[in-house]
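Undergrad: Any chance you could fold what I've pasted below:
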Amino acid sequence: MKKNNYILLLLVYSLFSCGEKEELPKGVLSETAMVNLMVDMEIAQATLKFEHASEGINPNYTKAYMQVCQSNNITLEQFNINLDYYCSEPIKMRQVYDEVIVRLSEKQGELNEDYIKQSKTIQ
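TA: Numbering: from 1, shown residues only. I've put the predicted structure just below:
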């Protein structure tokens, strides 16, 4: 009897997990593409903050954001549409930001490793 329950549970699970993937609205980036874009945006923002912090200048993010959008083959308007969409889908947005944090942490680790290697070669 237990074996039949496990088989039934497995069958039900497989039916629900094999369903069609949700279609995104036209013009909305996949989660992976949105993660890539958001990583680039966060790096651009951090770079501007770092560069202008010592000068006491309030950086103009619009130009940097437009450059990031260009490198990702979208417009700033398309970025805002995508951001609005993902913000209206809190679970998806959480998944996007979770992955953004992971990717930024990995990049930070790589930079730290490079810094350590460079400082060892200088000594």
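Undergrad: contacting residues for A44?
TA: 61, 64-65, 67-68 (C-beta atoms under 8 Å, 6 or more residues apart in numbering). From N, CA and C alone the C-beta is placed, and that goes for glycine too.
Undergrad: Which phi and psi values does it adopt?
TA: Per-residue torsions, A44: phi -60, psi -40 (degrees, to the nearest 10).
Undergrad: Quick check, pLDDT for it.
TA: pLDDT for A44: 93.
Undergrad: and what of the one 4 residues further on?
TA: The confidence metric pLDDT takes the value 88 at L48.
Undergrad: thinking again about what came up before, what I need now is the contacts of A44 written out in JSON lines, including neighbour count, distance to E31 and secondary structure for each item.
TA: Converted to JSON lines, the contacts of A44 look like this (neighbours: other C-beta atoms under 10 Å; distance: C-beta to C-beta, whole Å; DSSP: H, G, I helix; E, B strand; the rest coil):
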{"residue": "Y61", "neighbour count": "14", "distance to E31": "24", "secondary structure": "helix"}
{"residue": "A64", "neighbour count": "17", "distance to E31": "23", "secondary structure": "helix"}
{"residue": "Y65", "neighbour count": "18", "distance to E31": "20", "secondary structure": "helix"}
{"residue": "Q67", "neighbour count": "12", "distance to E31": "23", "secondary structure": "helix"}
{"residue": "V68", "neighbour count": "22", "distance to E31": "18", "secondary structure": "helix"}
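Undergrad: Q95 touches S30, doesn't it?
TA: No - between Q95 and S30 no contact is recorded; they are 11.6 Å apart, counting by C-beta atoms under 8 Å.
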